[in-house]
Structure formats: structure tokens, C-alpha cells
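# fold the following and give me the result.
(one chain, ligands or ions: 1)
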Amino acid sequence: MTPQTQFDIIIIGAGPAGLSFARSLSDTGLQIVLLERQPEHILANPPEDGRDIALTHSSEKIMRDLGMWDYIPSTEIGTIRDAKVVNGKSPYALHFASGITDRDYLGHIIPNHIIRQAAYNVVKDLPNITIMTEAEVVGVETNTTAGKVKLKDGTELGAPLVISADSRFSETRRKMGISASMTDFGRVVVVCEMEHTAPHNDTAFECFHYDQTLAILPMFGNKSSVVVTLTADKAEAVMNMPPEVFAADIQRRFDQQLGEMTLVSERFPYPLVGVFANQFVKTRFALVGDAAVGMHPVTAHGFNLGLTGATILATEIRDALESGSDIGAQWVLKNYESKHRRIARPLYLGTNALVRLYTDTTVPGRLLRRAALRIGNILPPVKQMITRQLTQV
Ligand SMILES: Cc1cc2nc3c(=O)[nH]c(=O)nc-3n(C[C@H](O)[C@H](O)[C@H](O)COP(=O)(O)OP(=O)(O)OC[C@H]3O[C@@H](n4cnc5c(N)ncnc54)[C@H](O)[C@@H]3O)c2cc1C
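Residues are numbered from 1 along each chain as shown. Sure thing, here's the model as predicted:
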């Protein structure tokens, strides 16, 4: 039998965004293909990558609706009830507590490889979704009637709609001639997991020192996700530190608040580059996930935003199907673009402004930072806005 080459939707990239998007359309009867350059065994058992993903209530709901939550062991789900932002050695903290909302927690935190595995599990056996692995896309083009995608082995596939979910450095975004604004923060984030002798009390901490930022996010049990942001040369030194020296350094920077700390994972470095695509759609083509918006991780919005965008696009496609319209029509894609940009742009710009504020080492910068923390605490609307962002469904 000759393999199928014509589909209704081609999705490039089976990362968490591409997989979730495919799953959200799985009951429509549309024939969908996911093209992924990694091998099948990696999708089925993704390796740890050090990212622990803080999820909003809205993302939790989407993941439950898609069946992904059922595949996440309860021992992998951490809970964030409180969050504190501290400026350097100052004891003053900006405090976000779930108590000011009608929820009893701000969000959950789950390792990225577990989310990726859950997303693969809900898609892998669906009859109308084909997953092609070790399938590297090398060409993509669209016209007013169809899209065409070419794989490295020469195979050509066609569909009336092509979606790229192939990461913030999306090669297919570039191939489609879509430019992106990129901000290189000139820093590297080193992430890892650590166990500790004192409890974290489900509290996340973000401490802004002048030479580095340290975030500690509560995972299940006496374990935390540790996120250190620093300049590239210092990151290399931190990566090369013996594990006990690294643990002692984090323990000291965190004023022993979690007791004795032990490194229990590898350390993973990520250079920090924020990316915002200048268009999310083109003729019969749309960007989803990090390919549309690649966020700085400090505000933990990346995957949350990817899920929101995937849900918006899936809803537009469903509406088009129900009204008997063309799912790849420009108005369908434009609706997605305008709705998603309206949500994503303020978050992207706000996050970048926050990063600048907290990495500015000048005297005015330090004063502004101190003032911002106090204003955040004094003005309830600011806190409520941020807390609502996390907890609303
Ligand atoms: C340190 C760190 C911490 C983070 N913390 C949070 C957090 O707390 N909360 C949050 O919401 N987000 C967080 N994020 C962001 C989150 O990890 C990303 O938003 C999310 O993983 C992006 O998923 P994606 O599917 O869009 O892209 P990716 O995961 O990058 O997947 C893209 C896929 O496309 C495939 N691909 C690429 N090119 C091709 C090609 N040419 N052909 C075929 N396949 C291709 C790749 O192999 C890959 O599988 C964090 C990120 C980092 C770095």
C-alpha cells in the first residue's frame, strides 16, 4: 500500500505544543499528520531536560480536557501556593498568596519530559492522527489553494493547512518568510533539581541578586526546581562546579532556608533569547507554540501561552468546519492571529521589561527595582492582576 501523502492538516514538530494542538482536533475527523525529526523512542520516553513547567489553572484545565493529566503520576505534580519575590539581600518581599483568590493554589509544577510524554500518549493511538518520526522537514511552501511540505528523504506531503510548531528558532517560519523580533538577554539559565532537608511549604522564591537571579520552585515532596540566571562565562563555571560545591553555593545564596541541599539531577544550560514572530499566520500557514512566541522563562508563560494559542486556533478551525467553511481560509487564520497576539504581546513585552528591571545594575535601576516591589505590594490591583493571570480558567 502506498503511504498517505495528502492530509487535512500538516503539523511540523511533535513537541508539547504540536502534540496538544493535534489532540485538540482529534474528534473532528480531520486527517492530521505530525512530522517530527526525533525518533519514536524519544517521543515515547523523552529524556529529562531540567525544565520544570509551572502551569496556570487554565493550562491544567486544557490538559485535563485533552486527557493529558491522566498520564501524569501524582508524585510528579508539585503545587505552588505562595510566591515571593526578593530583591538582593533585602528581607522585603513581594508576596503572591493563593489566599487572595478563591483558589487554594496558584498553579502546579510538572517536569517538561513528563508533559511531553503525556502529550505523546494521548495522541499516539488515535486513528486520524499519523505521527511520522525521523521526518525532518527541509521545505515548506503554500499558495492560495494548498500547502506542500518536503522531508529530508525527498517525501512530499500536501494539505490545505500547514502548522509550524518547531520551536522558537523555527526553521520553517524563516522558510515561509516570516520575520521575528528577537531579544538576546545575554544570559544563560542553568536549571536542575535539588532535594533539601527543610520543607518548601509549597512556596516559590525568586531572588534577584546583582550578579545572578535565583528561582526556587516547589516540586513534589522535599524537592525543588532550581533556576540560576547568569552571564555566559559564569554559567560555564557553574556548570563545571563539582556537585557538592554547587549545592553549597545555592544553599548559601538561599540563606539555608531549605536546610541542606543536594543536587539530584544533571544541570542543563539554556541561553536566554526571547522571540516574537512578526506574523503568526500566512497563506494557509500558522505558527503555534514557541514558534509564534518564545518567552523568557522568568514569568513561566511559554508553554502556558503555547497551549492557549493552540486552543484558540483549534476553536477557530472547529467553527470553520461547523459552518462548512475552508479550515485554511485566511479569515480563520487571521482570527487566531488577532486573538492570540492580543494575549501574547502584553505578556511578552511585560516579561522583557521585568527582566530588564531586574538585571539593571545601575543605581537608578536598583532604586526602581526596590520601588517596584513595594508598589506591587501596596497596590492590590497589580497583585490581583498577576494572581488572576495564574489562577483564572
Ligand atoms: C529553562 C526553561 C524553563 C521553562 N519554564 C516554563 C514554565 O515554568 N512554564 C511554561 O509555561 N513554560 C516554560 N518554559 C517554556 C516551555 O518549555 C516551552 O514553551 C515549550 O517547551 C515549547 O514547546 P513547543 O512544542 O512549542 O516547542 P519545542 O518543545 O521546542 O518542540 C519543537 C519540536 O519540533 C521539532 N522540530 C524542530 N524542527 C523540525 C524540523 N525541521 N522537522 C521536524 N521536526 C522539527 C523538534 O524536534 C521538537 O520536538 C521554560 C523553558 C525553559 C528553557
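
# ok and the residue in the stretch 1-150 of the chain nearest the ligand?
Across the stretch 1-150 of the chain, no residue is closer to the ligand than Gly15, which sits at 2.1 Å (CB to the nearest ligand atom). Just so you know, the C-beta spots here come from the backbone N, C-alpha and C atoms, and that holds for glycine as well.

# meant to ask about the stretch 151-300 of the chain
For the stretch 151-300 of the chain, CB to the nearest ligand atom, closest residue to the ligand: Gly289, 2.4 Å.

# find the nearest non-adjacent residue to that residue, please.
Closest residue to Gly289 apart from its sequence neighbours, by CB to CB, 6 or more residues apart in numbering: Ala17 at 2.5 Å.

# next SSE after the helix or strand containing the one you found?
Applying DSSP states H and E as the criterion places Ala17 in helix 16-24. Remark: after helix 16-24, the chain's next helix or strand is strand 32-35, criterion DSSP H and E.

# let me see the contact set for His301.
Listed by CB atoms under 8 Å, 6 or more residues apart in numbering, the contact partners of His301 are Met295, Leu347, Thr351.

# before we move on, back to that, where does the residue of the stretch 1-150 of the chain closest to the ligand fall, phi/psi-wise?
phi -80, psi -170 (degrees, to the nearest 10).

# was I right about it contacting Ala165?
Yes. If you go by CB atoms under 8 Å, Gly15 and Ala165 touch, sitting 6.1 Å apart.

# return every residue with contacts to both of these two.
Gly289, Asp290.

# what residue spans form the domains of the chain?
The chain breaks down into these domains under automatic domain parsing: 9-47+113-181+274-356, 70-111+184-272+367-391.

# what helix or strand does Val138 sit in?
If you go by DSSP H and E, Val138 is part of strand 137-142.

# got the buried residues for that strand?
Using 16 or more other CB atoms under 10 Å as the test for burial, strand 137-142 gives Val137, Val140, Thr142.

# show me what the second one is bridged to.
Note on Val140: beta-bridge partners by DSSP bridges are Val149.

# where along this structure do the helices fall?
16-24, 40-44, 57-65, 112-123, 171-175, 232-240, 243-253, 302-322, 330-359, 363-378, 380-391 (DSSP state H).

# interface residues of the stretch 51-200 of the chain facing the ligand?
Contact residues (CB under 6 Å from any ligand atom) of the stretch 51-200 of the chain with the ligand: Arg51, Ile53, Ala54, Asn112, Glu136, Val137, Ala165, Asp166, Ser167, Glu171, Val189, Val191.

# switch the cut-off to 8 Å
Residues of the stretch 51-200 of the chain lying close to the ligand (CB under 8 Å from any ligand atom) are 51-56, 59, 109, 112, 115-116, 135-138, 165-168, 170-172, 189, 191.

# and for the stretch 201-350 of the chain?
217, 227, 268, 270, 288-291, 294-295, 297, 300-307.

# now which of the residues you listed would you call buried?
By 16+ other CB under 10 Å, those give 217, 227, 270, 288-291, 294-295, 297, 300-307 as buried.

# tell me the pLDDT of His301.
For His301, the pLDDT comes out at 85.

# which strand in this protein runs the most residues?
strand 180-196 (DSSP state E).

# between it and helix 243-253, how many degrees?
Using axes from the mean of the first three to the mean of the last three CA atoms, to 10 degrees, one finds that strand 180-196 and helix 243-253 are set 100 degrees apart in direction.

# which positions within strand 180-196 qualify as buried?
For strand 180-196, using 16+ other CB under 10 Å, the buried residues are 180, 183, 185, 187-196.

# swap in stretch 41-49?
Across stretch 41-49, burial judged by 16+ other CB under 10 Å covers Ile42, Leu43, Pro46.

# so where's the stretch 251-393 of the chain shaky on pLDDT?
358-393 (pLDDT under 70).

# can you rerun that using 80?
298-299, 354-393 (pLDDT under 80).

# wait, Val159 touches Thr5, no?
If you look again at residue 159, you'll see it is Ala, not Val. No. Between Ala159 and Thr5 there is no contact under CB under 8 Å: 9.5 Å.

# of these two, which one has the most company?
Neighbour tally, Ala159 and Thr5, criterion other CB atoms under 10 Å: the higher count belongs to Ala159, 25 against 13.

# quickly list what the more buried one is bridged to.
Assigned bridge partners for Ala159, using DSSP bridges, are Gly147.

# sorry, back to before: what's the most buried one of the domains of the chain?
Ranked by average neighbour count under the criterion mean count of other CB atoms under 10 Å, the domains of the chain are headed by domain 9-47+113-181+274-356 at a mean of 20.

# how far does that one stretch from start to finish?
39 Å (CA to CA, to the nearest Å).

# distance between it and the chain's centre?
Relative to its chain's centre, domain 9-47+113-181+274-356 lies at 13 Å (CA atoms, centre = their mean, to the nearest Å).

# intersect the buried residues of stretch 41-49 with the contacts of the ligand.
Leu43.

# show me what the strand holding Val138 is packed against.
Applying 3 or more CB pairs under 8 Å, 6 or more residues apart in numbering; DSSP states H and E, one finds that strand 137-142 makes contact with strand 147-151, strand 161-164, helix 171-175.

# how about a cut-off of 10 Å?
Applying 3 or more CB pairs under 10 Å, 6 or more residues apart in numbering; DSSP states H and E, we find strand 137-142 packed against strand 9-12, strand 147-151, strand 156-159, strand 161-164, helix 171-175, strand 285-287.

# list the contacts of that strand.
Strand 137-142 has contacts (CB atoms under 10 Å, 6 or more residues apart in numbering) with 10, 12-13, 35-37, 147-154, 156-157, 159-162, 164, 166, 171-173, 175-176, 282-285, 328.

# tilt between it and strand 147-151?
In terms of direction (the same axes, to 10 degrees), strand 137-142 departs from strand 147-151 by 170 degrees.
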